[in-house]
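In: sequence unavailable; structure follows:
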């Protein structure tokens, strides 16, 4: 039998709170999604002005980062033409995201969930996702 | 050109807050989704213990209530065998929900969005959805 | 080799014109879709106030009526519990519609396309669809 | 609450009229789709000779331009191999279009909807889409 450690709803709220604060600071309204370690959605928020396309993209970035235990921008690097994971972006009906902005949340070396952010540039999305995780880690002390 | 009134992110948080409080009061952890009047997701929360199947069901109940401007339990009544809308439940790839728990949010007679709740019985889901709307309406004064 | 007779874009506009006039007369804004005899969309219009869920439903009613060469309400009758076509409503990813409002357009005994209407009751949808066909037939003289 | 400005059905007809005239002038029959600012379809027309594959492509170009508030050809540039948005084309079940021919419609600085055109080369599609917007803007005076 396995014992799994997983983000709870309060953890998800904390991560979104940190991401939202960073999105407001850089002036880019975002879609922010939190999934558990199985890739299932815990919480989502579309800030006023966040893009409608980014609803699905943020959820799928978080899904990818949780379920593949890997940051989405790492897939971006490994899926370039000629690279081993080329073409992986259309897997799972297009849910496997290779664009930056999806980051796993690690606690004691284990992936306990993930955050996915979308509406800005991939660099902005990744920055906002990291801010969410940093806020959560700081609150855990 | 049309002018539309729509729930914002803060409104969505208020509705979820009211629904969560009611779900805690009856002891049933729920998935709670809020969509805008076009059926696009604004916010989502899966309470600890909420069902994984209910992630999609709550989102689709809210989508249906927004985009069809009708409570999902009304479709339940009108789609019984022998009734005019029989078979509507599998429309839109199965997204059209006819099970109770999706309620439109009306302001000044217009649908401005909706709430969808899932994890309990349909009656519990509908009760929790109504509590979310009541909390929002009370806060608007 | 087969020779196919099919609605053209101008025919589709005429059918929509007739349906829209009837929808305005009964005061129910509708989604109206026209497909060719292969089930492929020719034209679509969502009147102001037409339901967002009805976009897909109108298109799929028209698809069903064209591609199955049968009015959707006929499927409603033949797919009741205990009937031979029971369960057909979820076929083709839910695209096969068994709710009234999809009617084939027949010219010289052949199906040349179809109209699908949604946003009202199934009876209203079917009435508006018929008005579209009647307008087209009258214009053909 | 948010207040949103959105294209209405008459606006959509005007945009299609302008696009159709341009398509006829260059001799390329097109599929032309108009969506509202939430990405939901308002109107569609397949000109006689427009491609069947282009039905979905035109609708999805318009969806992308509305819901991502960006011209589809801009995604084409930013999603080249080695670029930050590489791989985005398969997002949202492949609905996110990075091929030219989808343009947002802006009024007073806000995206109020979009047009998507398909059947020609991407440059022809974009040209016809722009003609639709120009015709609408001229009619608004």
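Out: Great, that's in hand. Keep in mind that this is a model prediction, so the values were computed, not measured. Numbering: from 1, shown residues only, chains lettered A, B, ... in the order given.
In: ok, what's across the strand from the most centrally placed residue in chain A?
Out: Among the residues of chain A, the one closest to the centroid is residue A:116, at 2.2 Å (Cα atoms, centre = their mean). Taking DSSP bridges as the rule, residue A:116 bridges to residue A:33, residue A:102.
In: which parts of stretch A:125-141 are buried?
Out: A:125-133, A:135-136 (16 or more other Cβ atoms under 10 Å in any protein chain shown). (Glycine included, C-beta is placed from N, CA and C.)
In: in a markdown table, list the residues you listed along with pLDDT and distance to chain D.
Out: Listed next are the buried residues of stretch A:125-141 as a markdown table, based on pLDDT from 0 to 100; distance: Cβ to the nearest Cβ, whole Å:
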| residue | pLDDT | distance to chain D |
| --- | --- | --- |
| A:125 | 98 | 10 |
| A:126 | 98 | 10 |
| A:127 | 98 | 12 |
| A:128 | 98 | 15 |
| A:129 | 98 | 14 |
| A:130 | 98 | 16 |
| A:131 | 98 | 19 |
| A:132 | 98 | 20 |
| A:133 | 98 | 20 |
| A:135 | 98 | 24 |
| A:136 | 98 | 25 |
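In: just the closest of those to residue D:2, please.
Out: residue A:128 (21.5 Å; Cβ to Cβ).
In: distance of the closest one from residue B:20?
Out: From residue A:128 across to residue B:20, the span is 25 Å (Cβ to Cβ, to the nearest Å).
In: would you map the strands across chain A?
Out: Counting by DSSP state E, chain A has strands at residues A:31-36, A:41-46, A:102-107, A:110-118.
In: ok, residue A:28 - contacts?
Out: Shown in contact with residue A:28 (Cβ atoms under 8 Å, 6 or more residues apart in numbering or on different chains): A:119-120, A:124, A:128.
In: who's in contact with the nearest residue to residue A:18 once chain neighbours are set aside?
Out: Using Cβ to Cβ, 6 or more residues apart in numbering or on different chains and skipping the chain neighbours, the partner closest in space to residue A:18 is residue A:135 (2.3 Å). Contacts for residue A:135 (Cβ under 8 Å, 6+ apart) come out as A:14-15, A:17-19, A:21.
In: okay, the one residue in chain A that gets nearest to chain B: pLDDT?
Out: In chain A, the residue that lies nearest chain B is residue A:44 (4.0 Å; Cβ to the nearest Cβ). Note on residue A:44: pLDDT of 98.
In: ok, the spatially closest residue to it that is not a sequence neighbour - how many residues close by?
Out: Closest residue to residue A:44 apart from its sequence neighbours, by Cβ to Cβ, 6+ apart: residue B:44 at 4.0 Å. By the measure other Cβ atoms under 10 Å in any protein chain shown, the count of residues near residue B:44 is 28.
In: show me what residue B:44 is bridged to.
Out: Counting by DSSP bridges, residue B:44 is bridged to residue A:44, residue B:33.
In: now that it has come up, it's in contact with residue B:35, right?
Out: No: with contact defined as Cβ atoms under 8 Å, residue B:44 does not reach residue B:35; the gap is 9.4 Å.
In: quickly list what's touching both of those two.
Out: Common contacts of residue B:44 and residue B:35 (Cβ under 8 Å, 6+ apart): residue B:59.
In: near chain D, which residues of chain A are found?
Out: With Cβ under 8 Å from any Cβ of the partner chain as the criterion, chain A comes near chain D at residues A:48, A:51-54, A:56-57, A:60, A:75-76, A:79-81, A:89-90, A:93-94, A:97-100, A:121-123.
In: now narrow these to whatever sits close to chain B.
Out: Okay, of those touching chain B (Cβ under 8 Å from any Cβ), that's A:48, A:52.
In: coming back round to it: for the residue of chain A closest to chain B, which residues are in contact?
Out: Counting by Cβ under 8 Å, 6+ apart, residue A:44 has contacts A:31-34, A:55, A:58-59, B:41, B:43-45.
In: how far away is the closest residue in space to residue A:78 that isn't next to it in sequence from chain C?
Out: Setting aside the residues directly before and after it, residue A:78 is nearest to residue A:85 in space (Cβ to Cβ, 6+ apart), at 4.3 Å. Remark: distance between residue A:85 and chain C (Cβ to the nearest Cβ, to the nearest Å) = 29 Å.
In: neighbours of residue A:85, just the number please.
Out: Neighbours of residue A:85 under the rule other Cβ under 10 Å: 16.
In: which residues touch it?
Out: A:75, A:78-79 are the contacts of residue A:85 under Cβ under 8 Å, 6+ apart.
In: top of the residues you listed by number of neighbours, please.
Out: Within these, neighbour counts (other Cβ under 10 Å) peak at residue A:75, which reaches 24 neighbours.
In: that one and residue A:101 touch, don't they?
Out: No: contact criterion Cβ under 8 Å: residue A:75 and residue A:101 do not qualify, at 11.4 Å.
In: need the strands of chain A in CSV with distance to residue B:71, can you?
Out: Formatted as CSV, the strands of chain A follow (distance: least, Cβ to Cβ, whole Å):
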stretch, distance to residue B:71
strand A:31-36, 27
strand A:41-46, 23
strand A:102-107, 35
strand A:110-118, 31
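In: that older thread, out of the contacts of residue A:135, which are buried?
Out: By neighbour count, with 16+ other Cβ under 10 Å, the contacts of residue A:135 hold A:14-15, A:17-19 as buried.
In: so what's the closest residue in space to residue A:89 that isn't next to it in sequence up against?
Out: Leaving aside its sequence neighbours, residue A:89 sits nearest to residue D:87 (Cβ to Cβ, 6+ apart; 3.6 Å). Applying Cβ under 8 Å, 6+ apart to residue D:87 gives the contacts A:75-76, A:79, A:89, A:97-99, D:79.
In: try residue A:99
Out: By Cβ under 8 Å, 6+ apart, the residues touching residue A:99 are A:57, A:61, A:72-73, A:76, A:122, A:125, D:84-88, D:91.
In: most neighbours out of these, which is it?
Out: That'd be residue A:61 among the contacts of residue A:99, by other Cβ under 10 Å, with 36 neighbours.
In: return the residues in contact with that one.
Out: Contact analysis of residue A:61 by Cβ under 8 Å, 6+ apart lists A:33, A:72, A:97, A:99, A:101-102, A:116-118, A:125.
In: what is the nearest of those to chain D?
Out: Proximity of these to chain D was ranked by Cβ to the nearest Cβ; the top entry is residue A:99 with 5.4 Å.
In: distance of the closest residue to residue A:19 other than its chain neighbours relative to residue C:70?
Out: Closest residue to residue A:19 apart from its sequence neighbours, by Cβ to Cβ, 6+ apart: residue A:132 at 3.3 Å. As judged by Cβ to Cβ, residue A:132 and residue C:70 stand 53 Å apart.
In: could you do residue A:6 as well?
Out: Look at residue A:6 and residue C:70: by Cβ to Cβ, they are 50 Å apart.
In: for residue A:10, same thing?
Out: The gap separating residue A:10 from residue C:70 is 54 Å, by Cβ to Cβ.
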